[in-house]
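Undergrad: pasting the structure only:
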DNA sequence: GTGCCGCATTGATCCACGTCAATGATTGCA
DNA sequence: TGCAATCATTGACGTGGATCAATGCGGCAC
C-alpha cells in the first residue's frame, strides 16, 4: 500500500515531469483525496463536476450506464494513468477497480484553477486527454462498425500493445478483467467473447493460460482479423 | 467567403478569448493553412501527425475507416468548433465537409510548441478536448449498448441540444447531414434510420420538414426512448 | 413550372449475434 | 488436497437489424 505523500509525489511527477513548485504541490495535495478500493469496488466520487483521478496503483474500468442495467465500459486504466471521470451527463459514469487499487481523486476544475499559471502542467493534461480521446475514437469504430470476431481481435491487439510482453514471435498478454468486462467493453455478450476466443485458440492464433492470460502465437493473423485500415480508402 | 486575416482573428479569439500577443498571433497565422472545401469534399491534411482544425464556417464530419469500405462518423462539427484530426493509427481518419466550409488547419504539435508558454491557450485547448472526449464517450454508449430506436432518439436529442431552436413546447432541428451520415454516425444502416424516423413520425413524436429538418413535437417521449440513465444504478 | 436525378422510404428475406439453458473449468479457501 | 462458488464455455433456438430489391419523393437545373 502506498503512503499518501508518495502518491502525491508520483502524481506531481506525472503532470509535471520537469518538477513542480513546492507551493503548488501542497495546494494540489490539499485539493486531492487518496482513495483505496478493492476489486470490483466502485470509487465514490463527486458527480457534480468532472473528476480527475490518478491511478497510483492497480487497474480500473470507467463504466457508463444506460437504462435497464446496461453497462458500457468506456476505458480501462492502469498504473500511472490519468483519467477524467465525467460529471453526470445523459448517462451516469463510475470508476470501478479491476484489482485492488490506490487512487488520487480531485476536481478537474480545481486543478485547472490551481495550475492556471503553469503552461507545462496544462500541456501535459492536454496531451493525456488527447490520448484518451484518440483511444475513445478508435473504440467508436470498433463499437459502430465491426463484427464480433473483429471486436475481439481488436481488443487483444490493443491489450497486447498496452500491456503485452514480447516472447520471440509471440506476445504474452495479461487480461486483468473478466469476460464480462471484455464483453461490456466491446458491446457484445460474454458468450460471444467466449466463442471468439475459442475460435482463435482452435485456429492456433492464440493460446489461453488460465482465465486471465493469453499468448498471441500469430500476431499477424490476429491483426489481419481485426478489421483495421491504416491507409486512406 | 471569409478572408484569411479574419479567419486568423476568429481562431485567435477562440483559443484566447482574453486576447493574444501579436507576435504569437503572427506565428500561429504562419503555421496554419486556410482551406476552403465543397460539400462532401475531404479536407487534405498531413496524416503524419495530429492536426488541429478550426471550423471557421460550415459543418464537417470526422470519418474513420475500417476495412471493406466501412465508415464510422466519429463526430460532427459546426462553426467555431475546434477538432483534432488524429494521425494515422490503426484506422485512417479524414475530415469531410457537410456544407461548403472554410477551415484553418495546422499541426497540433506546432501549436503546442508555439503556445508552450501560454497557460491560458493550453487551458482552452484542454477544455475543448475534454468536451470532445465527453461527447465521444456518450457516443460509445450509444454504439455499444443501444437498440436502433434508442440510437436514433439519442441522435435527435443531441442534435436538438447542439443546434435546435425552441418553438414553445416543440423544437426545430436542422439536419445538415444525409441519412447515410446519420447511419454512419450511429453504426446502423440508412434503411434502419429511415424506418425509425417513420416510426417516430407515425407516433407523433416528431414531424419531418423536407429531408433536412425535423420538428420534435414531444421532447419528453423522445427523451424517454433514448435509453438515457442520469442517476447511478 | 417541369423534368430529372439522387436520396429516402418501404417491403421481403436472411443471418449474426443475443438469449436461454446446461455443463465444465478455475480459483480461493478450508 | 478437496470442496464450493464463481466464472467460462458450449449448445439450441429466437430475433433485431442487415441485406437485397423496388418504389417514392424532394430539390435543383433549366
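TA: Alright, I've got the coordinates. The shown structure was predicted, so the numbers you read here are calculated from the model rather than taken from an experiment.

Undergrad: check contacts around residue A:214.
TA: A:156, A:172, A:173, A:175, A:197, A:206, A:207, A:208 (Cβ atoms under 8 Å, 6 or more residues apart in numbering or on different chains). All C-beta spots, glycine's among them, are computed from the backbone N, C-alpha and C.

Undergrad: contacting residues for the fourth one?
TA: In this case it means residue A:175. A:159, A:182, A:211, A:212, A:213, A:214.

Undergrad: Let me see the ranges of the helices in chain A.
TA: Secondary structure of chain A, counting by DSSP state H: helices at A:4-15, A:22-31, A:108-114, A:119-145, A:148-163, A:179-186, A:190-202, A:219-224.

Undergrad: could you redo the ones you listed as JSON lines and give each row distance to residue A:231?
TA: Shown next, in JSON lines, are those (distance: least, Cβ to Cβ, whole Å):
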{"stretch": "helix A:4-15", "distance to residue A:231": "35"}
{"stretch": "helix A:22-31", "distance to residue A:231": "44"}
{"stretch": "helix A:108-114", "distance to residue A:231": "37"}
{"stretch": "helix A:119-145", "distance to residue A:231": "15"}
{"stretch": "helix A:148-163", "distance to residue A:231": "17"}
{"stretch": "helix A:179-186", "distance to residue A:231": "25"}
{"stretch": "helix A:190-202", "distance to residue A:231": "25"}
{"stretch": "helix A:219-224", "distance to residue A:231": "14"}
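
Undergrad: Of these, which is nearest residue B:29?
TA: With Cβ to Cβ, the closest approach to residue B:29 among those belongs to helix A:119-145: 20.5 Å.

Undergrad: For that closest one, what is the distance to the chain centroid?
TA: 11 Å (Cα atoms, centre = their mean, to the nearest Å).

Undergrad: ok, now stretch A:20-30?
TA: Distance, centroid of stretch A:20-30 to centroid of chain: 27 Å (Cα atoms, centre = their mean).

Undergrad: Then stretch A:162-173?
TA: 19 Å.

Undergrad: try stretch A:208-216
TA: The answer for stretch A:208-216 is 20 Å, by Cα atoms, centre = their mean.

Undergrad: ok, now stretch A:216-231?
TA: Worked out by Cα atoms, centre = their mean, stretch A:216-231 lies 21 Å from the chain centre.

Undergrad: cool, stretch A:223-233 as well?
TA: 23 Å.

Undergrad: and it, what's its mean pLDDT?
TA: Here stretch A:223-233 scores 88 as its mean pLDDT.

Undergrad: That one close to DNA strand D?
TA: No - using Cβ under 7 Å from any atom of the strand, stretch A:223-233 stays clear of DNA strand D, with a minimum separation of 13.0 Å.

Undergrad: what does chain A put close to DNA strand D?
TA: A:178, A:179, A:180, A:190, A:191, A:193, A:194, A:195, A:197, A:198, A:208, A:211.
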